[in-house]
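Visitor: prediction below, plus the sequence it came from.
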Amino acid sequence: MADEPLVKKHRKIQREQAGKDSKPAAKKSTAAVQAGARRQPVQKSGEKLAKPGREADMKLQPRFMAPDYQGSRKLAGMSTIVTGGDSGIGRAVAVLFAREGADVAIVYLSSDEDAQETKSRIEAEGTRCILIKGDVRRSAFCERAVERTVKAFGKLDVLVNNAAFQMHADQLEDISDERMDLTLQTNIGGYMRMARAALPHMKEGGSIVNTGSRTGLQGSKNLIDYSATKGAIHAFTKALALNVIGRGIRVNCVAPGPVWTPLNPADKPAADVKKFGKETDFKRVAQPEELSPAYVFLASPVCAGYITGIVLPVTGSVAAI
């Protein structure tokens, strides 16, 4: 026989909740969330850049200096390479690596002006920087880039794979073989070639940090080939981590959400650029300086010496994975 007092309690709670349900729902806030050290821009210009996209040409300049971030020698004396380091996330990572005491080799495709600006910012932090211009789709270039870094700095401790190509498409049928090859060979082929060139020079305590994406976790209906490469990068990270763990080398990945870099104004229509990032729980796009500390964390043996094979989502949303 049912416990009558307990049944009454169930029904009393049901009536109370029904009363609450009948009240008008509170309006959900549409305001952008600010939870960092300083307030970040919310409104974006609807701008459009020519490929591959120069940071120097952006109307709203990305924030990469992280002025509230205080270095503490986490990467002191290390030799590092950052591909796609002339702008965007790569530039922000390179600056913080320098602030943590690392020398930085910037590998970039074409934007000399952006690369020189990044170099000046790195040197202002008190460490050395070299610029290496070329195409990570080419094995010979990847090998030369590593050799130049080792010659300049005497060793190689950290590789950040970050160079990328992205272009939207409404349907798979719109993606030509030429474009598919460019996306695949830049985004995953380039990562594998750079890692292959770097590993013979890396010793115990070294690390590789790859740039993945929320699109590799969740997909994107208009970035089919790009999403496929980012998912591949996540799998590559885990596979390579297993492969080299016995050598004392760690391999990890950061999976950013929407970030204000030249990549997106050089891809999306201007109207879409203006809305970029509003779909996140933070209701705004991230700035590169909000991503770069994650790379420092994963690169530093002091911080992440017992971490390998992870994909760290920095997406601005709760349901990242």
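Guide: The structure has been received and is ready for your questions.

Visitor: which SS class is residue 106?
Guide: On the three-state scheme (DSSP: H, G, I helix; E, B strand; the rest coil), residue 106 is labelled strand.

Visitor: identify the bridge partners of it.
Guide: residue 82, residue 131 (DSSP bridges).

Visitor: that one contacts residue 129, doesn't it?
Guide: Yes. With contact defined as CB atoms under 8 Å, residue 106 counts as touching residue 129 (6.4 Å). Just so you know, the C-beta spots here come from the backbone N, C-alpha and C atoms, and that holds for glycine as well.

Visitor: quickly list what's touching both of these two.
Guide: Overlap of the contact sets of residue 106 and residue 129 (by CB atoms under 8 Å, 6 or more residues apart in numbering) consists of 94, 118, 119, 122.

Visitor: buried among those? Make that a PyMOL selection.
Guide: Burial among the shared contacts of residue 106 and residue 129 is assessed by 16 or more other CB atoms under 10 Å; the matching PyMOL selection reads:
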select buried, resi 94+118+119+122
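
Visitor: in helices, which of the shared contacts of residue 106 and residue 129 fall?
Guide: Under the assignment DSSP state H, those contribute 94, 118, 119, 122 to helices.

Visitor: could you identify the most distant pair in those?
Guide: By the measure CB to CB, 94 and 119 form the most distant pair in those, at 8.9 Å.

Visitor: quickly list what's touching both of those two.
Guide: 106, 129.

Visitor: so residue 66, which of the three states?
Guide: Assigned by three-state DSSP, the conformation of residue 66 is coil.

Visitor: how close does it sit to residue 222?
Guide: For residue 66, the distance to residue 222 equals 31 Å [CB to CB, to the nearest Å].

Visitor: next one: residue 34
Guide: Distance of residue 34 to residue 222, given as CB to CB: 28 Å.

Visitor: what's the spacing between stretch 34-51 and its chain's center?
Guide: Counting by CA atoms, centre = their mean, to the nearest Å, stretch 34-51 is centred 16 Å from the centre of its parent chain.

Visitor: so which residues make contact with that stretch?
Guide: If you take CB under 8 Å, 6+ apart as the criterion, stretch 34-51 is touched by 32, 57-60, 63, 67-69, 167, 260, 262, 265-266, 269-271, 273-274, 276-277, 282, 284-287, 290.

Visitor: and that stretch, how far apart are its ends?
Guide: Taking CA to CA, to the nearest Å, stretch 34-51 runs 31 Å from one end to the other.

Visitor: take stretch 225-238, keep the C-alpha atoms, and write them as CSV.
Guide: Output of stretch 225-238 as CSV, limited to C-alpha atoms (Å, rounded to 0.1, in the frame of the first residue of the first chain):
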residue,chain,number,x,y,z
ASP,A,225,37.0,19.6,-45.4
TYR,A,226,38.3,21.9,-42.6
SER,A,227,36.4,20.0,-39.9
ALA,A,228,37.7,16.7,-41.3
THR,A,229,41.3,17.9,-41.0
LYS,A,230,40.7,19.1,-37.4
GLY,A,231,39.2,15.8,-36.4
ALA,A,232,42.3,14.2,-37.9
ILE,A,233,44.5,16.4,-35.9
HIS,A,234,42.8,15.3,-32.7
ALA,A,235,43.4,11.7,-33.6
PHE,A,236,46.9,12.4,-34.8
THR,A,237,47.6,14.0,-31.4
LYS,A,238,46.5,10.9,-29.5
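
Visitor: which outside residues touch it?
Guide: With CB under 8 Å, 6+ apart as the criterion, stretch 225-238 contacts 161, 164-167, 169, 175, 179-180, 183-184, 187-188, 191-192, 210-213, 215-217, 219-220, 251-253, 255, 309-311.

Visitor: show me the shaky parts of this protein.
Guide: Along the chain, the parts satisfying pLDDT under 70 run over 1-2, 43-45, 47, 263, 267-268, 277, 319-321.

Visitor: quick one, strands of the stretch 51-200 of the chain?
Guide: Taking DSSP state E, counting those that start in this stretch to define them, one finds strands in the stretch 51-200 of the chain at 79-83, 103-108, 129-133, 158-161.

Visitor: element containing residue 242?
Guide: Using DSSP states H and E, residue 242 sits within helix 224-244.

Visitor: right, I'll call it a day here.
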